[in-house]
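K.L.:
Only the shape, not the letters, is given here:
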């Protein structure tokens, strides 16, 4: 039986293609993805040009933002 729901990879790629910066918290809330960096690694391996921006939150925590170039 074919899978009717989209995979985490498909959801994250669609967000990136729409010009949305994807953060770990957004990935968790949007598609339940705890391992965003692994998904980004696979998308890069598939040939997508994804840039990583290091960001600091207002609480002082560091995290990455991903954007499609």
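P.N.:
Here it is on my side, so go on. As the structure is a computational prediction, the values presented were derived from the model and not from experiment.
K.L.:
Residue ranges in this structure under the pLDDT threshold?
P.N.:
For the chain, residues meeting the criterion pLDDT under 70 lie at 1-4.
K.L.:
where along it do the strands fall?
P.N.:
Under the criterion DSSP state E, the chain carries strands at the ranges 50-56, 62-68.
K.L.:
which strands and helices sit next to the first one?
P.N.:
If you count contacts as 3 or more Cβ pairs under 8 Å, 6 or more residues apart in numbering; DSSP states H and E, strand 50-56 packs onto helix 36-45, strand 62-68. The C-beta positions use only the backbone N, C-alpha and C, and glycine is treated the same way.
K.L.:
Of these, which is nearest residue 28?
P.N.:
Each of the helices and strands packed on strand 50-56 has some distance to residue 28 by Cβ to Cβ; the shortest is helix 36-45, at 7.9 Å.
K.L.:
Please give me every residue in contact with the closest residue to residue 9 other than its chain neighbours.
P.N.:
Of all residues not flanking residue 9 in the chain, residue 39 sits nearest, at 5.5 Å (Cβ to Cβ, 6 or more residues apart in numbering). With contacts defined as Cβ atoms under 8 Å, 6 or more residues apart in numbering, residue 39 is in contact with 8-9, 12, 27, 33.
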